[in-house]
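[1] Would you be able to build a 3D model of this:
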Amino acid sequence: MKRDGGGHVAMVVGRDKAGHLMGLGFNQGDTVSIIPFPRTRPVAYRWPDSVPLPIDIGFDKLPIVSASGKTTSKET
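    Prediction:
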């Protein structure tokens, strides 16, 4: 994802009801957490070559996930 000072990696685990992607982050304030972020932040998505893509893909196919975090534009 885009951010000041370099990139950031998160695993997309779903979406929220507000239309944000929900990302599993690995170092948000020295913790692992699920945080919402705008759909415009990712610059690329990766999928392992050895794993077939699901038949139905797309934002609307992601599960609805909730988290207590605020939408983020910068990880700490």
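
[2] where does the chain have low pLDDT?
    27-28, 68-76 (pLDDT under 70).

[3] For it, which residue occupies the most central location?
    residue 23 (2.8 Å; CA atoms, centre = their mean).

[4] mind listing what it touches?
    Shown in contact with residue 23 (CB atoms under 8 Å, 6 or more residues apart in numbering): 10, 11, 12, 13, 34, 35, 36, 37. Every C-beta, even on glycine, is put in place using the N, C-alpha and C of the backbone.

[5] Show me just the buried residues among the residues you listed.
    10, 34, 35, 36, 37 (16 or more other CB atoms under 10 Å).

[6] Now do the last one against residue 6, distance only.
    Taken as CB to CB, to the nearest Å, the spacing of residue 37 relative to residue 6 amounts to 16 Å.

[7] Give me the buried positions along stretch 4-24.
    Applying 16+ other CB under 10 Å to stretch 4-24 flags 8, 10, 14, 15, 16, 20, 21, 22, 23, 24 as buried.

[8] Would you map the strands across the protein?
    11-15, 21-25, 33-37 (DSSP state E).

[9] got a markdown table for these, with distance to residue 47 too?
    Listed next are the strands of the chain as a markdown table, based on distance: least, CB to CB, whole Å:
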| stretch | distance to residue 47 |
| --- | --- |
| strand 11-15 | 11 |
| strand 21-25 | 15 |
| strand 33-37 | 19 |
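
[10] Any idea which of the ones you listed gets closest to residue 67?
    Evaluated with CB to CB, the strands of the chain place strand 33-37 nearest to residue 67, the distance being 4.3 Å.

[11] and that closest one, how far out from the chain's middle?
    7 Å (CA atoms, centre = their mean, to the nearest Å).

[12] One more: stretch 32-41?
    4 Å.

[13] And stretch 40-53, by the same measure?
    Taking mean C-alpha positions (CA atoms, centre = their mean), stretch 40-53 and its chain are 11 Å apart.
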